[in-house]
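1. Sharing a model prediction with you, sequence too.
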Amino acid sequence: MENASKALLMAASVLIGLLILSLAVYLFVSFGSTSAELHKQQEEQRLIQFNSQFSSYEGKDNITIYDVVTIANLATESNIYYDLPTTAISTGKNNYISVSLKKKTGGIRQIDRGSNTNAEDIRKFYNNLIKEDLARVKNPDEQDSTVSIIEDEPDLALYNCKVEYSNITGRIYKIIFTEKS
């Protein structure tokens with residue numbers, strides 16, 4: 001009788017051990033999936049936040065060259081962060097962001113810069129874009145070659161913005177500014 005009670009105690013302890021082990025495995029799997037879900041939600045939130053920097057200009061009235069340069073700067077910073085060269089092509093398969101500017105006079109000009117360009121060259125390039133846009137505001141008889149940059153210039157060119165999202169990454173990969181007629 002003593003052996004039978006010891007056998008029952010052993011069987012009960014093995015059964016309790018299996019229950020505890022099963023509970024531990026269940027909790028591990030449950031917490032693992034919760035952690036993966038939280039990570040996925042954080043990635044989605046980062047993507048939404050990243051895209052909103054650019055998509056906030058879509059459909060907005062009165063986009064000036066200053067806004068265009070701001071977006072181009074954000075794209076340049078992103079391209080530099082991902083160490084993407086200026087020769088990269090914006091296909092939507094990589095993280096390269098292309099910013100293009102279409103003028104009324106015709107043609108399309110890509111104005112983003114990748115990591116092959118130093119900060120001073122980028123600054124000069126964007127300043128020249130602003131000067132070009134402001135040049136038509138200046139009085140043609142004026143002899144002064146300096147251009148003052150004032151945000152409330154009355155005759156600044158205005159632009160429409162269109163963004164394209166990648167089906168692969170979900171990120172904005174192309175931004176096109178078109179000068180309004």
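-> Yep, that arrived.

2. According to the record, where do the domains of this protein fall?
-> With domains defined by automatic domain parsing, the chain comprises 1-55, 60-179.

3. For the chain, just list every one of the strands.
-> 98-102, 108-110, 159-165, 172-179 (DSSP state E).

4. can you tell me which of those strands the model trusts least?
-> Per-segment mean pLDDT for the strands of the chain reaches its minimum on strand 108-110, at a mean of 79.

5. So which residues lie in contact with stretch 64-71, not counting its own?
-> 54, 57, 99, 101, 111, 126, 129-130, 133-134, 151, 156-159, 161, 175, 177 (Cβ atoms under 8 Å, 6 or more residues apart in numbering). (Glycine included, C-beta is placed from N, CA and C.)

6. which parts of stretch 167-179 are buried?
-> By neighbour count with 16 or more other Cβ atoms under 10 Å, stretch 167-179 contains the buried residues Arg171, Ile172, Tyr173, Lys174, Ile175, Ile176, Phe177, Thr178, Glu179.

7. Can you add distance to Met1 and give those back as CSV?
-> Formatted as CSV, the buried residues of stretch 167-179 follow (distance: Cβ to Cβ, whole Å):
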residue, distance to Met1
Arg171, 74
Ile172, 78
Tyr173, 79
Lys174, 84
Ile175, 85
Ile176, 89
Phe177, 92
Thr178, 94
Glu179, 99
